[in-house]
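# Below are the sequence and a predicted model for it; my questions follow.
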There are 4 protein chains.
Amino acid sequence: MSSQLGKLFKISTWGESHGLAVGVVIDGCPAGLKLSAEDIQFDLDRRRPGQSALTTPRKESDTVEILSGVFEGKTTGTPISLMVKNEDQRSKDYSEMVDLYRPSHADFTYDAKYGFRDFRGGGRSSARETVGRVAAGAIAKKLLKEACGMEILAYVAQVGEIECQGSPLQFNLEDVEKSLVRCPDPKASQLMEALILKTKKECDSIGGVLQFVVKNVPVGLGEPVFNRVEAALAYGFLSIPATKGFEIGSGFEGTKLNGSAHNDEFITEKGKIKTATNYSGGVQGGITNGMPLYGKIAFKPTATIAKPQNTVNKKGEKGVLKARGRHDACVLPRAVVIVEAMAALILTDFFLERRARTGLL
Amino acid sequence: MSSQLGKLFKISTWGESHGLAVGVVIDGCPAGLKLSAEDIQFDLDRRRPGQSALTTPRKESDTVEILSGVFEGKTTGTPISLMVKNEDQRSKDYSEMVDLYRPSHADFTYDAKYGFRDFRGGGRSSARETVGRVAAGAIAKKLLKEACGMEILAYVAQVGEIECQGSPLQFNLEDVEKSLVRCPDPKASQLMEALILKTKKECDSIGGVLQFVVKNVPVGLGEPVFNRVEAALAYGFLSIPATKGFEIGSGFEGTKLNGSAHNDEFITEKGKIKTATNYSGGVQGGITNGMPLYGKIAFKPTATIAKPQNTVNKKGEKGVLKARGRHDACVLPRAVVIVEAMAALILTDFFLERRARTGLL
Amino acid sequence: MSSQLGKLFKISTWGESHGLAVGVVIDGCPAGLKLSAEDIQFDLDRRRPGQSALTTPRKESDTVEILSGVFEGKTTGTPISLMVKNEDQRSKDYSEMVDLYRPSHADFTYDAKYGFRDFRGGGRSSARETVGRVAAGAIAKKLLKEACGMEILAYVAQVGEIECQGSPLQFNLEDVEKSLVRCPDPKASQLMEALILKTKKECDSIGGVLQFVVKNVPVGLGEPVFNRVEAALAYGFLSIPATKGFEIGSGFEGTKLNGSAHNDEFITEKGKIKTATNYSGGVQGGITNGMPLYGKIAFKPTATIAKPQNTVNKKGEKGVLKARGRHDACVLPRAVVIVEAMAALILTDFFLERRARTGLL
Amino acid sequence: MSSQLGKLFKISTWGESHGLAVGVVIDGCPAGLKLSAEDIQFDLDRRRPGQSALTTPRKESDTVEILSGVFEGKTTGTPISLMVKNEDQRSKDYSEMVDLYRPSHADFTYDAKYGFRDFRGGGRSSARETVGRVAAGAIAKKLLKEACGMEILAYVAQVGEIECQGSPLQFNLEDVEKSLVRCPDPKASQLMEALILKTKKECDSIGGVLQFVVKNVPVGLGEPVFNRVEAALAYGFLSIPATKGFEIGSGFEGTKLNGSAHNDEFITEKGKIKTATNYSGGVQGGITNGMPLYGKIAFKPTATIAKPQNTVNKKGEKGVLKARGRHDACVLPRAVVIVEAMAALILTDFFLERRARTGLL
């Protein structure tokens, strides 16, 4: 198990889907950041189950408690411990999963590796684990916002075959939150919503693609040769349950271009060096160049579906699984805030690293 | 700078394109592995510049020296230091780059972060840095092969719009090495070769996509929740120069499917639990399930092109760059072995971790 | 701040003296270890304030709650989150410390580094922080005991000028726990007890030395050249508040000997290679040799004393401090279990590392 | 094996006593530091064998080569690779050691852990390994000197029963280097020299104690709760071959004092907060307080002696070892620069960390 992330802004998440609570400890947050439970709750509410007809009906208020690291409304530089109690655990729904391996879930691999697992609701492999990430990410986002005005936004760019139209730079948080699906293109949003509800009714699930974009990125984040910004973001995003792909800047489409078309010409604007285009996606040589960071993350269709499925049990004997646990027909609307959190955690680490090593002598 | 990778099988690479040498130190390789310079040289030759008409004419024999860690033909468990001397440094070719920032290169960002850089041939940001990775990767590959029969293969799946036909499981190293482009589909290979030569003649460059596939993967590699196999692979691959995207299993295409179509049904075959399909790409819940690992990596067109390009210098003043340094019109044929190396390094780390934590009590 | 420890058995502690709670998250504990709250509570009770007339009168039941990572009485391999609520916070006692820096405490340095601190009871710099270490250490001790029979014991070897007589190998936990001071030599124990009570009455404090000894140590723990067993133990022990020194084996006294007297002759006993003497303290070349590990740790006199002391405030202005907070006149009796915990945490990490790298091929 | 050290200023050392070369790669050195081979050679010459009648007669020029990371006389922020070729390997001297385990050496434990070892001259367990540390340490020292005027000094404080008189603050590098033994008290130096030569003649060895002192230490280095300055120094020093103990400030002696005598009163001097005494040794709560850091390190008598010794071979069969390899009768004069290097490496890491986390918002 590896539930720790980060080198300077370090988090350690914990908790199972049907345990007593889930949470996170943040080690390395600088002192002096104003912080209240509300700052964190806002993002937890965006991740919360049961927030709309599109999401799992599991009822969780997901109320965060700050147990340490904040004094008189400000961070002290000591570890920040955050906890969210689990309220609505219907573990009985999972009694069938004790034996049968759910297809495309982690039941088999956890058993194979650990010999033993908390099967209730998927235990640690449940996406409920991301509560800790989102809580820590909310602090990272606030820190970056205050330290350099950085703004991190994610939204749903595709569900099934339906695509969001428009450039990532034109949308803001409000545009995204207006949509139940969290797609800022109203037309696509409506179609996506209908597709998700239809899929749900058919006892099935559907995948999609999230777009992320980061504005006001300082020049100089990233640590080549290994710890490049795009590599660290890829790591962060691919560690989110159900993700299958990542691309930055021009991504897979850009591979079809010639260098003369793809290269970003340097220009000077108001005394600042910029690029005329941004196929690079804001990163060159593994280091941010001050242009917006942007890219996409692929999410597979939710593995849990209400349709019966053939599978085997621990002994390898055949069986038919009919899931009863509550789940989302499409995880993307709730995954938006998780993507933002991972981006914020990764970029905060680089932000602190840049302070350590730049312009020393 | 972060030129270290790995937690148990740790590497530290060093060297600039036009410095005295490039190399790597491997810390944590288990004792008792038979190892000779030839084991490493084979892969270095696959990465070597000047190996065919398709690649940069820079002449480097890339002969590896083993400086420590091997005694009487076997690893001793102590650090293995490998060095490759640079031979053909034509630093004069880069005199224009002292001032002008090459578009879509790391010149600007390195200057911005470090205030200063070795501009000769791109210095540390040159892909020559990957010599160390390939050398270390050759050892990791050998270790995995001997310890569990694991086989790691990469090949060119797409150049520009031309695609390789066939399933990754059907190809082997020989098929790949027969092709100058390292595309195992002979038809596509020919078309790719022609396209690259044409692009070169036009003083331009072209991107593409690599496929990787790993067979005989043991069940139980991976450390959720953060250090998932797919996350670590994404990190490793996206740290390779010129990469813009990564996908595992069904990837971006799979997002359009329903769960009922995408889920991998568990079956039993000869007493072993397997999956009937493998949309998951060999990993579930961040842990390998014993099925082949496979996926794709996007490479942008080479940033260095012979065509003149507009850009600015350090002071932000306009200028026109006409590159004279030697370069590849398409990096993919030589990148194949780098991708294999990164996969091997990442998987060796997981292989050792699994030994540490599985079935203790 | 760095409140994380360990590479394979990783802990992340949190909490302030007068905050809501203190705790720890353990990441990397192997699955399948039987674990109940009682296993942990036993050691927490040995650390608990108010356990005897010798310790601070602060009343804390220090009841541990297991919030995650344990299912049906066994560890699952997922993070184990442990929490102990603070009950008896008399923050008013510390009102004077808002301004005045307590001599030989962390008030000044925390302010200097973080610009801001939770002054109540020392906040994070209070030894109350060690609750998390002791809780995690209890699990590590159990794991080592079950996996290889390892036994870790610490006791008070010196208070002021009074020394415990006898060899560390002759004592067991029962001998130690019989003594209020946790000194297994009854005569010395009585004298130490009297000295501590006298010192307390005089509004002063006194230092001392702890002995640690580890039996049934497997051969092969330790990772030279840097991560030697003695180096890692030194790190663990010197991270305990109030420690000023560490020695292993013959330590400082051994420096006066000749090599011919100090060298440990190898012998064979019942087919096993051992050493006739053990000046090495169970470690050679940074790796355990199967002989008992033993050594000493120096603790300075408690910085908090009831006598008035001259000091300055944040502005550098003179003042007189008369501490009212509750404290121990001698920390050693309660520090015994902290030393055991640190040894257990360090050795568990090595135990897992040895599994990863030994005898692979 | 763990031959890596550091989190921000990271080193990776390599090389065996009788291999081709020894060296180090430094990852994370800030850009812009003026650096030449001479800067490093000075300290290597202080560590070099054969520098006086007191040291091993092995002849090594220990000439350093800078292979990467430096351009036009300045560091570039990229990895710095340093190599020192081995010249005088008399591996035949060690033929007896193929079979017999040298008492108090690492032969047995390396075999037990790795199953196999390079026995020539102790291989990796030889103190020749510290060449890489000293080379990297020279760079760290220069960086600290230029960045904040920090001065790190070590000297021989005790050999056998002979002690150096005087306070660590009164001595400088010149005082130390004037003495063959590297003891700045001329009287003690003479006695020590005589004792070492006598011991050598008797085919024996002798231990001793080194003192270290660091002046001009900035306030705020250190990362409690685990990564305290004293813990990290203890780790660094106890990772040096032959060390058995460490103490900071008042150390073991201070344990006998009362708190009222031991506490360091805060005072204001020229507007700066200081302490009237410095029993703390420059660190409080794990963080430097701006006063000098000082302490001691215990070195056991050299394990290699020319006298015959009883021992066993790999099969456990008895034998008599008469060492012929070249060695020092007392390692302390050459260990001085290794201690300085370790202090510099540890403190540079903290220096960079402080920049990352202090005063962000």
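Right, received. Where do you want to start? Since we're looking at a predicted model, the values are computed, not measured. Residues are numbered from 1 along each chain as shown, chains lettered A, B, ... in the order given.
# Which stretches in the stretch 101-250 of chain A count as helices?
For the stretch 101-250 of chain A, the helices defined by DSSP state H, counting those that start in this stretch occupy A:107-114, A:130-148, A:173-177, A:186-201, A:229-238.
# any chance of those in a markdown table, plus distance to residue B:53, mean pLDDT and mean neighbour count?
Every residue, glycine included, has its C-beta placed from N, CA and C. Conversion of the helices of the stretch 101-250 of chain A to a markdown table gives the following (distance: least, Cβ to Cβ, whole Å; pLDDT from 0 to 100; neighbours: other Cβ atoms under 10 Å in any protein chain shown):
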| stretch | distance to residue B:53 | mean pLDDT | mean neighbour count |
| --- | --- | --- | --- |
| helix A:107-114 | 46 | 94 | 25 |
| helix A:130-148 | 48 | 97 | 24 |
| helix A:173-177 | 50 | 97 | 15 |
| helix A:186-201 | 47 | 97 | 18 |
| helix A:229-238 | 31 | 98 | 29 |
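# Figure out which of these is closest to residue B:36.
Relative to residue B:36, the nearest member of the helices of the stretch 101-250 of chain A by Cβ to Cβ is helix A:229-238, separated by 31.7 Å.
# Run the contact check for that closest one versus chain B.
Yes. Figure legend: helix A:229-238 in contact with chain B (Cβ under 8 Å from any Cβ of the partner chain); contacting residues A:230-238.
# With distance to residue D:160 added, can I get the helices of the stretch 101-250 of chain A in a markdown table?
Supplementary listing: these in a markdown table, determined by distance: least, Cβ to Cβ, whole Å:
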| stretch | distance to residue D:160 |
| --- | --- |
| helix A:107-114 | 55 |
| helix A:130-148 | 55 |
| helix A:173-177 | 72 |
| helix A:186-201 | 81 |
| helix A:229-238 | 54 |
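# Of all these, which one is nearest chain D?
Across the helices of the stretch 101-250 of chain A, chain D has its closest neighbour in helix A:130-148 (5.8 Å, Cβ to the nearest Cβ).
# what packs against the closest one?
Using 3 or more Cβ pairs under 8 Å, 6 or more residues apart in numbering or on different chains; DSSP states H and E as the contact criterion, the elements in contact with helix A:130-148 are strand A:10-15, strand A:21-27, helix A:37-47, strand A:80-85, strand A:151-159, helix A:332-357.
# With just CA atoms, put the helix or strand in which residue A:298 is found into PDB.
Using DSSP states H and E, the secondary-structure element containing residue A:298 is strand A:293-299. Provided in PDB are the C-alpha atoms of strand A:293-299 (Å, rounded to 0.1, in the frame of the first residue of the first chain):
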ATOM      1  CA  LEU A 293      -1.400  24.100 -18.300                       C
ATOM      2  CA  TYR A 294      -4.100  22.000 -19.900                       C
ATOM      3  CA  GLY A 295      -4.900  18.500 -20.800                       C
ATOM      4  CA  LYS A 296      -7.300  15.600 -20.600                       C
ATOM      5  CA  ILE A 297      -8.000  12.500 -18.500                       C
ATOM      6  CA  ALA A 298      -9.800   9.400 -19.600                       C
ATOM      7  CA  PHE A 299     -12.300   7.600 -17.300                       C
END
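# ok now that strand, how far from the chain's centre?
Taking the mean of its C-alpha atoms, strand A:293-299 sits 11 Å from the chain's own mean (Cα atoms, centre = their mean, to the nearest Å).
# Can you give me the separation between the nearest residue to residue A:218 once chain neighbours are set aside and residue A:235?
For residue A:218, ignoring the flanking residues on the chain, the nearest one in space by Cβ to Cβ, 6 or more residues apart in numbering or on different chains is residue A:148 at 5.3 Å. Residue A:148 is 22 Å from residue A:235, where distance means Cβ to Cβ, to the nearest Å.
# And for residue A:289?
Shown here: residue A:289 relative to residue A:235, a distance of 21 Å by Cβ to Cβ.
# Could you do residue A:46 as well?
Counting by Cβ to Cβ, the gap between residue A:46 and residue A:235 amounts to 23 Å.
# One more: residue A:177?
From residue A:177 to residue A:235 the distance is 27 Å (Cβ to Cβ).
# What of residue A:303?
Distance of residue A:303 to residue A:235, computed by Cβ to Cβ: 22 Å.
# what's the answer for residue A:172, then?
Between residue A:172 and residue A:235 the distance is 27 Å, computed by Cβ to Cβ.
# Spell out which parts of the stretch 1-150 of chain A neighbour chain B.
Near chain B, when you scan the stretch 1-150 of chain A using Cβ under 8 Å from any Cβ, you find A:1-5, A:13, A:101, A:103-110, A:112-115, A:124-125, A:129.
# which residues touch residue A:83?
Neighbour list for residue A:83: A:21-23, A:64-65, A:67, C:67, C:83 [criterion: Cβ atoms under 8 Å, 6 or more residues apart in numbering or on different chains].
# Of these, keep whichever come out buried.
For the contacts of residue A:83, burial is judged from neighbour counts taken by 16 or more other Cβ atoms under 10 Å in any protein chain shown, and it is met by A:21-23, A:64, A:67, C:67, C:83.
# ok, so of these, who is nearest residue D:219?
Using Cβ to Cβ, residue A:67 comes nearest to residue D:219 of the buried ones among the contacts of residue A:83, at 29.7 Å.
# per-residue confidence for residue A:301?
According to the model's per-residue confidence, residue A:301 sits at a pLDDT of 98.
# Tell me who's in contact with it.
With contacts taken as Cβ under 8 Å, 6+ apart, residue A:301 has the following neighbours: A:204-207, A:330, B:254-255, B:257-259, B:261-263.
# How about the secondary structure of it?
The three-state label given to residue A:301 by DSSP: H, G, I helix; E, B strand; the rest coil is coil.
# so where's the stretch 201-350 of chain A shaky on pLDDT?
Low-confidence segments of the stretch 201-350 of chain A, defined by pLDDT under 70, are located at A:323-326.
# any chance you could map the strands in it?
Remark: strands of the stretch 201-350 of chain A, listed N- to C-terminal, are A:208-215, A:243-248, A:266-269, A:272-275, A:283-284, A:287-288, A:293-299, A:309-312, A:318-321; assignment by DSSP state E, counting those that start in this stretch.
# Just the C-alphas of the longest one, formatted as CSV.
In CSV, the C-alpha atoms belonging to strand A:208-215 read as follows (Å, rounded to 0.1, in the frame of the first residue of the first chain):
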residue,chain,number,x,y,z
GLY,A,208,-15.9,9.9,-20.5
VAL,A,209,-13.1,12.4,-20.5
LEU,A,210,-12.3,15.3,-18.2
GLN,A,211,-10.5,18.5,-19.2
PHE,A,212,-8.3,20.3,-16.8
VAL,A,213,-6.8,23.8,-17.2
VAL,A,214,-4.6,25.8,-14.9
LYS,A,215,-4.2,29.6,-15.2
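# No further questions, thank you.
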